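>>> have a look at this fold, sequence not included:
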């Protein structure tokens, strides 16, 4: 897996805050009946060229664990609707163990939010450190008669569960407003002035284009005979990495993944058309947009998923390198270029909110600070 910070044990040991949080999780006993734990040892077949766990494989495990938790609560088949922004803090190397914990934070009507905590363990030195945290939304499948399955309420028991329960409603509201937030930011020209330029020596975005087709086989299907959501996400990471490599001409490091939103199902026998392109390049990072479409022998393409991934290139000291600028494609390229800047602002604003260093809520994140604490 590629990420912003090295996965060496020495660096992991220095991350006292991350280790402390891991210990707190173990210390607080939860009676949440939806909790599911998964442990996987990283084998060479799971790794990339750097002998680190590939992000695609990690996403498969995250999606599987989250789905098991959702179905344990629902008592019926569930499908992934979306997965929120994921920031990768550490790498995981071959021979280390990935520990994943998933539990339902809150159930609404036919959808629920599942929180997923991923940590790494070194078996020989008894070290643990946090890798990432994710929030996935799952929806219930209708019964054979077409009737909706209404979910029972979640009852939080611990202080952390109370907080997650309260904030889950706010996160849901932000997800539903995401497209409107982007439009509002694009209507404010000042948001885009700092990055809305491309020098003459900029790399043409067309050079970073990637197009790949995958045939959905039975091994790619889940227990509902649909294409496994984690597999689709893994394929999307693959083409995004290639696009990023074409801009920087180096091995890029995946830093964050913006929200995955599944728009429809895919089935065995489908062909998945995956397209990726660098939307914008900032000083030390770049955003790659990925679109997945499904089609069969006949019929139009169906839009299955879209996602935006942020990459950077690290030097020998694990510090981000300066990247070449990008020259967007005509017409649609300009729109993608500007929207990438807006999404970067959203990510930065969310960091400010989490750290509580701002008293005023930024325009791009309509978050009510009062909802961050439980009553």
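Looks like it came in fine. Predicted model only: the values in this text are computed from it and were never measured.

>>> so which strand or helix has residue 39?
In this assignment (DSSP states H and E), residue 39 forms part of strand 36-41.

>>> who touches residue 150 in this structure?
Going by CB atoms under 8 Å, 6 or more residues apart in numbering, residue 150 touches 109-110. No exception for glycine: its C-beta is placed from N, CA and C like everyone else's.

>>> hang on, it in a helix?
No. Checked against DSSP: H, G, I helix; E, B strand; the rest coil, residue 150 lies outside a helix; its state is coil.

>>> from residue 93, how far off is it?
44 Å (CB to CB, to the nearest Å).

>>> residue 241 in helix, strand or coil?
Following three-state DSSP, residue 241 is assigned to helix.

>>> let the chain start at 51 from now.
I'll keep to 51 as the first residue from here, and by that count the last item is residue 291.

>>> so what's residue 154 closest to, chain neighbours aside?
Spatial nearest neighbour of residue 154, excluding adjacent residues (CB to CB, 6 or more residues apart in numbering): residue 84 at 4.1 Å.

>>> so that neighbour sits right up against residue 118, yeah?
No. Using CB atoms under 8 Å, residue 84 is not in contact with residue 118; the gap is 9.3 Å.

>>> sorry, back to before: for the residue nearest to residue 154, which residues are in contact?
Residue 84 makes contact with 119-120, 122-123, 153-154, 164, 204, according to CB under 8 Å, 6+ apart.

>>> got the phi and psi for it?
Main-chain dihedrals, residue 84, degrees, to the nearest 10: phi -90, psi 0.

>>> how near is it to residue 288?
Residue 84 is 31 Å from residue 288, by CB to CB.

>>> kindly report the same for residue 135.
20 Å.

>>> what sits against residue 319?
Residues counted as contacts of residue 319 (CB under 8 Å, 6+ apart) are 266, 346.

>>> please, which helix or strand holds it?
Counting by DSSP H and E, residue 319 is part of no helix or strand.

>>> quick one, helices of the stretch 151-300 of the chain?
209-236, 279-298 (DSSP state H, counting those that start in this stretch).

>>> got any ranges where the stretch 301-425 of the chain has weak pLDDT?
Counting by pLDDT under 70, the stretch 301-425 of the chain has low-confidence residues at 400-425.

>>> quick one: the helices in it?
For the stretch 301-425 of the chain, the helices defined by DSSP H, counting those that start in this stretch cover 382-405.

>>> and the strands in the stretch 251-400 of the chain?
253-254, 260-265, 303-307, 310-312, 321-331, 336-345, 352-362, 376-377 (DSSP state E, counting those that start in this stretch).

>>> gap between residue 142 and residue 298?
In terms of CB to CB, residue 142 sits 23 Å off from residue 298.

>>> then residue 396?
Separation of residue 396 from residue 298 (CB to CB): 24 Å.

>>> got it, and residue 206?
From residue 206 to residue 298 the distance is 44 Å (CB to CB).

>>> can you check residue 95 too?
27 Å.

>>> go on, residue 352?
Between residue 352 and residue 298 the computed distance is 32 Å (CB to CB).

>>> equivalent analysis for residue 112, please.
Residue 112 is 27 Å from residue 298, by CB to CB.

>>> mind listing what's buried along the longest strand seen in the chain?
If you go by DSSP state E, the chain has its longest strand at strand 177-190. Of all the residues in strand 177-190, those buried under the rule 16 or more other CB atoms under 10 Å are 178-190.

>>> and for stretch 319-328?
Quick answer for stretch 319-328 (16+ other CB under 10 Å): 320, 322-328.

>>> now stretch 291-307
Those would be 291-298, 302-307, for stretch 291-307 by 16+ other CB under 10 Å.

>>> show me which of those residues is closest to residue 366.
residue 303 (13.1 Å; CB to CB).

>>> thought the closest one was touching residue 365?
No. Counting by CB under 8 Å, residue 303 does not reach residue 365; the two are 10.8 Å apart.

>>> what residues does stretch 260-270 touch?
By CB under 8 Å, 6+ apart, stretch 260-270 touches 277-278, 281, 285, 288-290, 292-293, 296, 316-327, 344.

>>> what's the neighbour count on residue 364?
Other residues lying near residue 364 total 20 when counted by other CB atoms under 10 Å.

>>> now it: closest residue in space that isn't a chain neighbour?
Nearest one to residue 364, counting by CB to CB, 6+ apart, is residue 303 at 5.4 Å.

>>> what residues are bridge-paired with that neighbour?
residue 362 (DSSP bridges).
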